[in-house]
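A.B. asks: show me how the following folds:
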Amino acid sequence: MPDRPSSGRNAAGAPLEGRAVGGRPRVQAESATLRVDGDAVPLGAPGASLLDVLRASGKYAAKEACGRGECGACTVLVGDRAVMSCTMLAALVTDEVTTAAGLGDAAADLRAAFADHAAFQCGFCTPGQVVRAEAVLRASVDRSRDEIVRELSGNVCRCTGYCQIVDAVCAVAQSRQCSRRDAR
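C.D. replies: Modelled structure (predicted):
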């Protein structure tokens, strides 16, 4: 049975406590904001994807491609977790959103490694690849090549054949391992 529009009150006339009819979470009001790359961004219309909100606010680092969560071009960090922004409802985002543009110095070594290893050609997938790689390395730099390959598998690249991308991420993982050891 489809949901009927809610008046915002229950049968007794009391206000609903942040829940929509049927017990589903109520979508945040249009005036709500998200934190994206340190900026407050309007949440937009109910039902808008995170990618739609990013693009409407002028944040274009996350690329729009498949629109179904299959290619990874729109990958962003929500907190420290990589998500495909085309399939994430913006209203459900509660943590800071970081795009490739917002990674800044934190991923300078990754961007340099991508260049050094010729890990991009057309560049369309590169922001999503860098964001996914940063999420993988934030989780742990102590990963085998096979683990890195598996973790990056959700991001598609039509140009490179992936070897260069994996080589770049492995090089950064090794470098970060050495830096961590030296810091002890």
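A.B. asks: now do the strands in the chain.
C.D. replies: 33-36, 39-42, 75-78, 81-84, 97-98 (DSSP state E).
A.B. asks: by contact count, what packs against the first one?
C.D. replies: Here strand 33-36 is seen to pack against strand 39-42, helix 50-56, strand 97-98 when contacts are counted using 3 or more Cβ pairs under 8 Å, 6 or more residues apart in numbering; DSSP states H and E. All C-beta spots, glycine's among them, are computed from the backbone N, C-alpha and C.
A.B. asks: just these: most buried one?
C.D. replies: Stretch with highest mean neighbour count among the helices and strands packed on strand 33-36: strand 97-98 (a mean of 26; mean count of other Cβ atoms under 10 Å).
A.B. asks: show me what the helix of greatest length in the chain is packed up against.
C.D. replies: Criterion DSSP state H: the longest helix present in the chain is helix 163-183. In terms of contacts (3+ Cβ pairs under 8 Å, 6+ apart), helix 163-183 is packed against helix 108-116, helix 126-139, helix 145-152.
A.B. asks: to residue 88, which of these lies closest?
C.D. replies: Of all the helices and strands packed on helix 163-183, it is helix 126-139 that lies closest to residue 88, at 13.2 Å by Cβ to Cβ.
A.B. asks: pull out the buried residues from the closest one.
C.D. replies: 126-137 (16 or more other Cβ atoms under 10 Å).
A.B. asks: thanks a lot, catch you later.
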